[in-house]
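Q: everything below, folded, please.
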Amino acid sequence: MLHPLIILAIGVAVVLAMIIVLRINAFVALITAAMVVSLLAPGAAAEKISRVAEAFGTTAGKIGIVIAMAAIIGRCLIESGAADRIVRLFVRLLGERLCPVSLMTSGFVLSIPVFFDTVFYLLLPLARSMHRRTKISYLLLILAMGAGASITHSLVPPTPGPLLIAEALKIDLGVMICVGTLVAACTAVVMFFFVAFLSRCFDIPMRPLEGGRAEPEPLPDERLPGLWLSLAPILLPVLMISAHTVVSTLAEGALEGSTILKIQSVTAVAGNANLAMLLSAVIAVLVLWRQRRPSRKELAAAIESSLAGGGVIILITSAGGAFGAMLKEAQIGGAIEKLLVGESTGQLGGMSLLLMAFVIATLVKFAQGSSTVSMITTSGILAPLIASSRGLGYHPVYLAAAIGFGAQCGNWMNDSGFWIFAKMSGLTETETLKTWTVTISSLAVVGLLFTMAFAKVMPLLWLI
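A: Numbering: from 1, shown residues only. Below is the predicted model:
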């Protein structure tokens with residue numbers, strides 16, 4: 001029987017080789033790696049392939065609906081103008097002088113239900129318009145916008161990566177949302193001052209769009225939905241899920257028949273992530289219909305198109321869940337723990353585990369480019385350590401945050417986000433490496449430091 005660490009090395013090598021060398025889709029790479037690891041892991045030969053399918057189905061059953069609904073919400077927010085309304089809110093609240101803060105805040109909020117590339121496409125025309133009108137540094141505007149969107153993309157569900165981490169590490173979604181948002185917000189504040197400094201180090205002008213395309217004209221305010229309608233699809237699931245988390249915490253140790261337990265029975269249904277996201281998607285679709293009055297055929301086509309994109313994410317994420325489950329079958333967690341802390345202590349925890357999570361996620365990210373694949377792989381490797389390590393000393397949500405930040409570090413030419421930023425913003429590859437790569441890598445390190453600090457001063461052990 002092969003040593004667990006050799007099985008781990010083979011599994012990761014299969015993923016990296018198929019994605020980097022063979023350019024094969026991440027779903028195929030992850031599901032293949034899961035089968036390879038399962039075949040090498042202990043267990044009955046007849047079950048080694050079937051358990052991969054079972055793990056795939058289990059993960060899809062837990063996150064599939066949420067991701068599908070998030071895809072619909074994101075598409076409707078864009079097409080209805082609700083996303084544009086949210087951006088203009090921050091601009092009006094903060095004024096043109098603080099428009100970099102407005103763009104960062106808009107990216108921070110919109111990247112919770114909307115994928116990073118879509119948020120960037122949405123906000124870039126506004127950044128270009130702001131630069132022409134205010135003469136504020138174009139580089140500052142796009143770096144602030146991109147940094148804000150990147151932070152929540154890797155930390156706050158229902159974005160697929162954080163959602164999968166929460167599932168793998170058995171973290172309550174409400175806790176993941178609240179703590180992820182807290183750590184992300186603190187990181188964003190520091191990063192704003194960092195990108196303000198960085199933008200003064202480079203004189204990069206705003207260049208014409210590729211192909212001589214005309215600058216898109218923004219829609220007038222009267223064609224956009226109202227503020228509360230625009231915010232509802234984002235705020236509703238956050239409030240419903242978080243409310244159940246709070247009530248469940250208060251209900252611990254309550255006497256049978258007490259009021260808090262009766263409330264908990266209600267929030268258990270209303271705060272279910274699947275129901276919350278479904279209701280949010282319904283609202284988003286209604287807002288789209290109210291604003292644009294599409295025909296039934298056009299509305300069906302928009303929903304189908306969003307589900308097609310979401311379906312790919314569900315496949316990749318579920319395959320990653322299966323890969324993580326097979327790593328657990330191979331007893332990877334115990335082997336890593338013994339390697340790092342030795343046989344004598346039998347436990348691994350504290351800041352060392354946060355640092356290890358960050359480093360592993362960074363290495364996987366740097367090697368193959370995808371933040372989501374990095375989060376999936378790293379959480380699968382480290383999930384067994386939580387169960388076996390009694391010396392963690394803090395809530396595992398901080399481990400999730402360390403993985404999320406590590407999965408952003410080392411953003412370079414093998415990452416689609418790198419090319420989206422470069423080509424859409426009009427920067428050269430060298431300029432992008434000096435600005436975007438430095439910004440996101442610095443963001444990751446700052447985020448890790450905040451994660452460690454919160455884990456130390458606010459361990460949240462009472463929530464476990």
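Q: use CA for all of it now, contacts and neighbours both
A: Noted.
Q: I figured G309 hits I72, correct?
A: No: G309 is beyond contact range of I72, at 9.6 Å (criterion: CA atoms under 8 Å).
Q: between these two, which one's more packed in?
A: I72 (28 against 13; other CA atoms under 10 Å).
Q: phi, psi of the more buried one?
A: Torsion angles at I72 (phi, psi; degrees, to the nearest 10) stand at phi -70, psi -50.
Q: surely it and L299 touch.
A: No: using CA under 8 Å as the test, I72 is too far from L299 to be in contact (11.0 Å).
Q: before we move on, back to that, need the residues touching each of G309 and I72.
A: With contacts taken as CA atoms under 8 Å, 6 or more residues apart in numbering, G309 and I72 have no neighbour in common.
Q: against which helices or strands is the helix ranked longest in the chain packed?
A: The residue-count maximum for a helix in the chain (DSSP state H) belongs to helix 296-329. When contacts are defined as 3 or more CA pairs under 8 Å, 6 or more residues apart in numbering; DSSP states H and E, helix 296-329 sits against helix 26-40, helix 50-80, helix 160-168, helix 371-388.
Q: and those helices as JSON lines, adding distance to T439?
A: Shown next, in JSON lines, are these (distance: least, CA to CA, whole Å):
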{"stretch": "helix 26-40", "distance to T439": "26"}
{"stretch": "helix 50-80", "distance to T439": "26"}
{"stretch": "helix 160-168", "distance to T439": "20"}
{"stretch": "helix 371-388", "distance to T439": "16"}
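Q: in a markdown table, list the ones you listed along with distance to I20 and mean pLDDT.
A: Below are the helices and strands packed on helix 296-329 laid out as a markdown table (distance: least, CA to CA, whole Å; pLDDT from 0 to 100):
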| stretch | distance to I20 | mean pLDDT |
| --- | --- | --- |
| helix 26-40 | 10 | 92 |
| helix 50-80 | 23 | 88 |
| helix 160-168 | 20 | 87 |
| helix 371-388 | 12 | 80 |
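Q: in stretch 433-442, which residues are buried?
A: L433, T435, W436, T437, V438, T439, I440, S441, S442 (16 or more other CA atoms under 10 Å).
Q: same check, this time on stretch 418-428
A: F418, W419, I420, F421, A422, S425, G426, L427.
Q: do the same with stretch 189-200
A: M191, F192, F194, V195, A196, L198, S199.
Q: of the residues you listed, closest to L363?
A: In terms of CA to CA, no member of these lies closer to L363 than M191, at 22.4 Å.
Q: run a quick neighbour tally on V446.
A: By other CA under 10 Å, 18 other residues sit near V446.
Q: F115 now?
A: Counted with other CA under 10 Å, F115 comes out at 19.
Q: show me the contacts for it.
A: G74, H153, T159.
Q: ok, and the most crowded of these?
A: Result: H153 is most packed of the contacts of F115 (other CA under 10 Å), 31 neighbours.
Q: quick check: that residue touching V109?
A: No: the criterion here is CA under 8 Å, and H153 misses it with V109 at 9.7 Å.
Q: re earlier: among the contacts of F115, which one lies nearest to T362?
A: H153 (15.7 Å).
Q: quickly note the distance from the closest one to V114.
A: Using CA to CA, to the nearest Å, we find H153 at a distance of 9 Å from V114.
Q: what touches both of these two?
A: T159.
Q: so which residue is dead centre in this protein?
A: Most central in the chain under CA atoms, centre = their mean is S154, positioned 3.0 Å from the mean C-alpha point.
Q: what sits against that one?
A: Counting by CA under 8 Å, 6+ apart, S154 has contacts G161, P162, S371, G404, F405, A407, Q408.
Q: all set now, cheers.
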